[in-house]
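Chemist: Just need the structure, nothing else, for what follows:
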Amino acid sequence: MADPQGYLCLVLHAHLPFVRHPEYPDFLEEDWLYEAITETYVPLLDMMERLAAEGVHYRLTMSLTPPLCNMLSDDLLLSRYQKKLHKLLELADKELHRTRSLPAAFQETARMYHHNLNKAREIFEASHGRLLTRFKALQDAGNLEILTCGATHGYLPLMIHEEARRAQIRVAVQDYHRHFGRAPRGIWLPECAYAPGVDKLLRENGISFSFLDSHGVLFGVPRPRFGVFAPIYSPGGVAFFGRDMETAHQVWSAEQGYPGDYSYREFYRDLGYDLEYNYIRPYLHEDGVRRNIGIKYYKVTGRVSLSEKEPYSPSHARETAASHAGNFLFNRERQVEYLKGVMGRPPVIASIYDAELFGHWWFEGPSFLEYLLKKIHYDQQVFKTTTPKEYLDKFPEQQIVEPEPSSWGDKGYHEVWLNASNDWIYPHLHICAERMIHLAKKHANAEGLLKRALNQLARELLLAQSSDWAFLMTVGTARTYSDRRTREHVSRFLELFHQIQENRLREDFVRSLEERDNIFPWIDYKVYQS
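Modeler: Coordinates of the predicted model:
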């Protein structure tokens, strides 16, 4: 296709908070990573590699945030994941036998899980656990553009010290270079949140493009001529792509979008609750409490109770995913044709989603993406997939607009991360940031134990600033854990700060923190110097 009428920029935001607890042999919240590897990251990686091997032309953009990259590179977590995967494979083997006497749909689903889990083990072991190297290979081949993010997904608009904002960005850029062998060209702003001045910090650190929710572009000054269907340049020289809400609702919404289709797998009915306790006990955590295991045999069915759900059919669900991919393609063709006529130039449609939607929450999501990318390649001549860098190289001249402060959270601004449930954290974070900046200036060239302590101080501050803790406090999910994490990082920071100030540093204390909170082992506290 020489001259398409428009472009589709598919963006997946892959992120998890840094959860690593070597002090416990078995920790519940580490499951967030293990589930995402099996259900999202491996299926997406497998899909992208398969399309590339088949010669399908496609472009995807995907953030792999620094906390996620560090967890995917951590030997302890990878070894624990491997053990978890082997236990699931053992259960999948047992399920092949148990479902033989059940209706055919149960056996079909059991075979699907057995195949998927074996595929996950094959990919994981072939990579020696280093999945990032395979994502890097896709980027090096030109199929994938990998974005960075804030160092710990810190919510930049609510940081009152410029040095703290800068450190979140600079550490992220340094971490990206270590994982992917080059500097990042684009960034996913944590929670898609923007405030004036952030663009200058991005440009200062070599970032040329990012994304905003639709109102972050539409309410900019002056009003953008092409809405969200062309990028804008901020006064600081960074290009921002606005999120297209039509494609967001088609895919994101369980009520209006594809994931709520009755033939898709039901997320909330799980084998961990369905079967006799002694059968599933070996696959639960040490506390023995029933929880989701990840093997589910029922479909959405409709607005009925979980007990009334009907058996899931993988083959029928795949057919539905293919149909929805065709519907999405048809709608994009009409959308591009209309926009090209109105704008007089090729539009770009930025379709932005959480990566974990695909596979974890919407089990058929990776299949949908694969069908969609194949249909775009084979079945139409209206538009192409693109990355932000490719689009900007082709259309370098864009309107200059001051973006609107915004986020992609509920109500569109900062309320999710600053409300009555979590506002108590910010005075502590601001004081810690102020003290970090003070010590970085006071000890311009520390060495030995003092340098190690200052580096660890930087890690504890970054970890305390993670936007995930404020978000979880708001939604009430894992509230106790998020509250605890914030308090622990602030407490460790303050104890270390006082030891430094009072010249009573304990090497054993510093070492214990380095072993527990080991993100960014190369970090240099000087990143907080003005």
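
Chemist: can we go C-alpha only for contacts and neighbour counts from here?
Modeler: Will do.

Chemist: and Val416, backbone torsions?
Modeler: In terms of degrees, to the nearest 10, the main-chain angles of Val416 are phi -60, psi -30.

Chemist: didn't it look like it was pressed against Asp410?
Modeler: Yes: contact criterion Cα atoms under 8 Å: Val416 and Asp410 qualify, at 6.5 Å.

Chemist: Would you mind telling me which of those two has the busier surroundings?
Modeler: Legend: neighbour count by other Cα atoms under 10 Å for Val416 and Asp410, higher for Val416 (22 against 10).

Chemist: Might you report the residue contacts of the more buried one?
Modeler: 409-410, 470-471, 474 (Cα atoms under 8 Å, 6 or more residues apart in numbering).

Chemist: got it, and Trp362?
Modeler: Counting by Cα under 8 Å, 6+ apart, Trp362 has contacts 259, 265, 267.

Chemist: Among these, which one sits closest to Gly344?
Modeler: Pro259 (34.2 Å; Cα to Cα).

Chemist: Which pLDDT value goes with the nearest residue to the closest one once chain neighbours are set aside?
Modeler: In space, and not counting its chain neighbours, Pro259 is closest to Trp362: 5.8 Å by Cα to Cα, 6 or more residues apart in numbering. pLDDT recorded at Trp362 is 96.

Chemist: thinking again about what came up before, how about the contacts of Trp362 in CSV, adding neighbour count, pLDDT and secondary structure?
Modeler: As requested, the contacts of Trp362 are exported to CSV (neighbours: other Cα atoms under 10 Å; pLDDT from 0 to 100; DSSP: H, G, I helix; E, B strand; the rest coil):
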residue, neighbour count, pLDDT, secondary structure
Pro259, 26, 94, helix
Arg265, 26, 97, strand
Phe267, 18, 96, coil
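
Chemist: Show me what the residue nearest to Pro259 is bridged to.
Modeler: Beta-bridge pairing of Trp362 under DSSP bridges involves Phe358.

Chemist: Could you number the chain from 214 rather than 1 from now on?
Modeler: All right, first residue 214 from here; so that's Trp575.

Chemist: hmm, back to that, filter the contacts of Val629 down to the buried ones, ChimeraX style.
Modeler: To isolate the buried subset of the contacts of Val629 in ChimeraX, counting by 16 or more other Cα atoms under 10 Å, use the following:
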select :622,683,684,687
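
Chemist: Out of the helices and strands in the protein, which is least certain?
Modeler: helix 458-465 (a mean of 92; mean pLDDT, DSSP states H and E).

Chemist: what comes into contact with that one?
Modeler: With Cα under 8 Å, 6+ apart as the test, helix 458-465 has contacts from 427, 469-472, 541, 564-566, 570.

Chemist: Check which residues of the helix or strand immediately after that helix in the chain are buried.
Modeler: Of the helices and strands lying after helix 458-465 in sequence (DSSP states H and E), the nearest is helix 484-487. The neighbour-count check on helix 484-487 (16+ other Cα under 10 Å) flags 484-485 as buried.

Chemist: Where do the strands of the chain begin and end?
Modeler: 219-227, 273-277, 357-360, 422-425, 445-446, 452-455, 561-567, 596-598 (DSSP state E).

Chemist: partners of the third one in the sheet?
Modeler: Here strand 357-360 is paired, per DSSP bridges, with strand 273-277 (parallel).

Chemist: Just the CA atoms of the partner strand, as CSV, please.
Modeler: Only the C-alpha atoms of strand 273-277 are listed here, as CSV (Å, rounded to 0.1, in the frame of the first residue of the first chain):
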residue,chain,number,x,y,z
LEU,A,273,2.5,-1.9,17.6
THR,A,274,3.6,0.5,20.3
MET,A,275,3.9,-0.9,23.8
SER,A,276,5.2,0.5,27.1
LEU,A,277,7.2,-1.8,29.3
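
Chemist: and that strand, how far from the chain's centre?
Modeler: Centroid displacement of strand 273-277 relative to its chain, using Cα atoms, centre = their mean, to the nearest Å, is 9 Å.

Chemist: So what are the structural domains in this structure, by residue number?
Modeler: Using automatic domain parsing, the domains assigned to the chain come out as 219-286+343-478+535-624, 631-741.

Chemist: Point out the most buried one among those domains.
Modeler: Of these, the one with the most neighbours on average (mean count of other Cα atoms under 10 Å) is domain 219-286+343-478+535-624, at a mean of 20.

Chemist: Quote the end-to-end distance of that domain.
Modeler: This stretch, domain 219-286+343-478+535-624, spans 30 Å end to end (Cα to Cα, to the nearest Å).

Chemist: ok, now stretch 621-628?
Modeler: 11 Å.

Chemist: Contacts for that stretch next, please.
Modeler: 404-406, 425-426, 428, 618-620, 629.

Chemist: Give me the nearest residue to Pro279, chain neighbours excluded.
Modeler: Ala364 is the one closest to Pro279 (Cα to Cα, 6+ apart), at 5.6 Å.

Chemist: And the pLDDT at the one you found?
Modeler: The model reports Ala364 with a pLDDT of 98.

Chemist: distance of it from Leu241?
Modeler: From Ala364 to Leu241 the distance is 24 Å (Cα to Cα).

Chemist: swap in His366?
Modeler: Distance, His366 to Leu241, using Cα to Cα: 21 Å.

Chemist: before we move on, the earlier item: of the contacts of helix 458-465, which is the nearest to Asn418?
Modeler: Among those, and counting by Cα to Cα, the member closest to Asn418 is Ile565, at 23.6 Å.

Chemist: how about the closest one, what does it touch?
Modeler: 223-226, 456-457, 461.

Chemist: Quick one: which of the residues you listed has the lowest pLDDT value?
Modeler: Ala461 (94).

Chemist: Below-threshold pLDDT in the chain: ranges please.
Modeler: Where the chain drops to pLDDT under 70, the residues are 214, 467.

Chemist: contacting residues around stretch 336-353?
Modeler: Applying Cα under 8 Å, 6+ apart, the set of residues contacting stretch 336-353 is 255, 258-259, 261-262, 282, 285-286, 291, 357-359, 392-393.

Chemist: Could I get the residues you listed in TSV, plus columns for distance to Leu497?
Modeler: TSV is the format used below for the contacts of stretch 336-353 (distance: Cα to Cα, whole Å):
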residue	distance to Leu497
Val255	23
Leu258	28
Asp259	28
Met261	32
Glu262	33
Cys282	27
Leu285	23
Ser286	25
Leu291	19
Leu357	36
Glu358	37
Ile359	35
His392	33
Phe393	36
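
Chemist: What distance do you get for Pro560 to Leu360?
Modeler: Where Leu360 is concerned, Pro560 sits at a distance of 22 Å (Cα to Cα).

Chemist: Over to Ile508?
Modeler: For Ile508 relative to Leu360 (Cα to Cα), the value is 32 Å.

Chemist: quick one: contacts for Lys587?
Modeler: So Lys587 contacts 264, 269 (Cα under 8 Å, 6+ apart).

Chemist: Helices - which of the contacts of stretch 336-353 land there?
Modeler: Among these, the ones falling in helices (DSSP state H) are 255, 258-259, 261-262, 282, 291, 392-393.

Chemist: Longest helix in the chain, please.
Modeler: Across the chain, the longest stretch assigned as helix under DSSP H is helix 527-556.

Chemist: Quick one: list the elements packing against it.
Modeler: Counting contacts by 3 or more Cα pairs under 8 Å, 6 or more residues apart in numbering; DSSP states H and E, helix 527-556 packs against strand 219-227, helix 317-339, helix 578-591.
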